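In: Have a look at this prediction, sequence included:
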Amino acid sequence: MIRAKSQRLFEEARALIPGGVNSPVRAFKSVGGEPVFMASAAGATLTDVDGNVYVDFVGSWGPMIVGHAHPRVVEAIEQALSKGTSFGTPSEAESRLARMVIDRVPSIDLVRMVNSGTEATMSAVRLARGYTGRSKIIKFEGCYHGHGDSFLIKAGSGALTLGVPDSQGVPEAIANQTLVATFNDLHSIEAQFALFPEDIAAVIIEPIAGNMGCIPGEKAFLEGLQAICERMGALLIFDEVMTGFRVHPAGAQGLYGLEPDLSTFGKIIGGGLPVGAYGGRREIMEMIAPLGPVYQAGTLSGNPLAMAAGIATLELCDESLYTHLETLGADFETELKALNLPITINRAGSMFTLFMTARPVAGYADVAACDMAQFSSFFNFALDIGIYLPPSQYEAAFISGAHGAPELEKLLETVKAFFAG
Ligand SMILES: *Cc1c(COP(=O)(O)O)cnc(C)c1O
């Protein structure tokens, strides 16, 4: 596949933008090669600047659940556009989207719109700290909650160490407030609470992890986690920026039948425009300014174009869409497993990861043990025959409503061909 124009544009971008990208994972660093510059997207496909067409399994990292440039979403944005791009005042569309979230997610009484998933998680943690009067939080190794200072922490030397920043520029005083536990391991959570029983404001988790590849939380683990939080007076925050409206109309919490204290959203809620949101129980949410003492604001929060895209997307997320996505995903999983290849698939509805290992993958250590060199070869092999997969073993792939059996068949054939050598 010739990507001469992509290469030229990347060279130009590198002179202007750090690493040539506005978000690091786009740089393809973990798979080698150079990023592809896209010119347009429609339905299940991306078209690059050299005219190559790819079946897209990244979906802009999650938002594009109804496919790219869905006519109803485009029309909704166009209609909003002609009425002005930002008012800096309340507008009706904000309440419409808020009502859609509240109607779908039983744990949410009130919801606040922000501009990204990162803002949503940062704000939710501030709120949890304000509400509980405590300062520490617990996160899980391998879970990603955006690039806020408190979240760029994983286990230093084992799960019981205090947070050590993954990024320079995060002061130790902040990193120290983040404790790290092991996903799908209740003992590691008990141990942190035993060390700091009075200090933990919140536990934040991706109930179905998507940022170390797709790893669903075990039901007993998530239930146990909720019970511990309740007993210890800490809030449970489900980070549903990826899973929200993806795996179930009410997100992962709907799938598991759990009601966290706070939830965060992003990605799908903006339908491809920059939106995040956080919400939860009334008495907690009423702590936020202007009602309460926890400050959080945004010049462009609730932006009319973004609200229009979010509303149109959620309107399309009906039962028939979720059934379609589950059927496609389940059929693909069954057919892949029947091939008996040394590969493991983890899947939750329309999000999945192909792990380069024959072993089950239930946590971060299992992902880290995958054959990363083989993953890189597979990624580049697929790219060159027109399949656009996430460029890292630590990412989830997505199916959209615009995908059908032929797209999944093409992926299956690609896997087969790769392993046939
Ligand atoms: C993508 C993601 C975020 C960050 O959202 P941004 O919009 O990129 O800031 C936070 N949490 C989870 C679970 C995510 O998948």
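Out: Cool, the structure landed.
In: Okay, and the closest residue to residue 207 other than its chain neighbours sits in which element?
Out: Distances taken as C-beta to C-beta, 6 or more residues apart in numbering put residue 252 closest to residue 207, at 3.9 Å, once the chain neighbours are dropped. Yep, even glycine has a C-beta here, placed from its N, CA and C like the rest. Assigned by DSSP states H and E, residue 252 belongs to helix 251-256.
In: helices and strands around whichever helix or strand comes after that helix, which ones?
Out: Where DSSP H and E defines the elements, the next helix or strand beyond helix 251-256 is strand 262-265. With contacts defined as 3 or more C-beta pairs under 8 Å, 6 or more residues apart in numbering; DSSP states H and E, strand 262-265 has these neighbours: helix 117-132, strand 235-239, helix 251-256, strand 276-280.
In: average pLDDT across strand 262-265?
Out: Computed over strand 262-265, the mean pLDDT rounds to 98.
In: ok so, going back, so for residue 339, which of the helices and strands packed on strand 262-265 sits nearest?
Out: Distance to residue 339, taken as C-beta to C-beta, is lowest for helix 251-256 among those, at 27.1 Å.
In: Contacts only, for the nearest residue to residue 199 once chain neighbours are set aside.
Out: Computed as C-beta to C-beta, 6+ apart, the closest residue to residue 199 that is not its neighbour in sequence is residue 136, at 4.6 Å. For residue 136, the contact set (C-beta atoms under 8 Å, 6 or more residues apart in numbering) comprises 177-179, 196, 199-201.
In: Taking the stretch 1-150 of the chain, what residue is nearest to the ligand?
Out: Closest contact between the stretch 1-150 of the chain and the ligand, by C-beta to the nearest ligand atom, is at residue 117 (2.1 Å).
In: Could you check the pLDDT of that residue?
Out: What the model reports for residue 117 is a pLDDT of 98.
In: got it, and residue 159?
Out: In the predicted model, residue 159 carries a pLDDT score of 34.
In: now do residue 326
Out: 98.
In: hey, what's the residue nearest to residue 199 bridged with?
Out: Beta bridges link residue 136 to residue 200, judged by DSSP bridges.
In: any idea what sits nearest residue 146, other than its immediate chain neighbours?
Out: Closest to residue 146 by C-beta to C-beta, 6+ apart is residue 118, at 3.0 Å.
In: so the one you found sits right up against residue 148, yeah?
Out: Yes: using C-beta atoms under 8 Å, residue 118 is in contact with residue 148, at 5.8 Å.
In: Flag every buried residue along stretch 322-329.
Out: 322, 324-326, 328-329 (16 or more other C-beta atoms under 10 Å).
In: With stretch 409-421 instead?
Out: Going by 16+ other C-beta under 10 Å, stretch 409-421 has these buried residues: 411-412, 414-415, 418.
In: So which of those residues are in helices?
Out: Of the positions in the buried residues of stretch 409-421, 411-412, 414-415, 418 sit in helices, assigned by DSSP state H.
In: Give me the pLDDT for residue 414.
Out: Note on residue 414: pLDDT of 98.
In: for residue 94, same thing?
Out: For residue 94, pLDDT reads 98.
In: For it, what are phi and psi?
Out: Main-chain torsions, residue 94, degrees, to the nearest 10: phi -60, psi -40.
In: Might you report the residue contacts of it?
Out: Contacts of residue 94 (C-beta under 8 Å, 6+ apart): 113, 302, 307.
In: so what's the last one closest to, chain neighbours aside?
Out: Pointing back at residue 307 there. Nearest non-adjacent residue to residue 307, counting by C-beta to C-beta, 6+ apart: residue 93, 3.8 Å away.
In: wait, doesn't that neighbour sit right on residue 303?
Out: No: in this structure residue 93 lies outside contact range of residue 303 using C-beta under 8 Å: 9.2 Å.
In: higher neighbour count, those two?
Out: residue 303 (26 against 21; other C-beta atoms under 10 Å).
In: And for that one, nearest residue in space, chain neighbours not counted?
Out: Closest to residue 303 by C-beta to C-beta, 6+ apart is residue 86, at 5.7 Å.
In: and the one you found, what does it touch?
Out: Under the criterion of C-beta under 8 Å, 6+ apart, the contact list for residue 86 reads 300, 303-304.
In: Adding distance to the ligand, write these out as TSV.
Out: Shown next, in TSV, are the contacts of residue 86 (distance: C-beta to the nearest ligand atom, whole Å):
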residue	distance to the ligand
300	14
303	14
304	19
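In: Strands - which of those land there?
Out: With DSSP state E as the criterion, strands contain none of those.
In: ok, back up a step: is there proximity between the helix holding residue 252 and the ligand?
Out: No: figure legend: helix 251-256 not in contact with the ligand (C-beta under 6 Å from any ligand atom); closest approach 10.2 Å.
In: The ligand next: which of the buried residues of stretch 322-329 are close?
Out: Among these, not one lies near the ligand by C-beta under 6 Å from any ligand atom.
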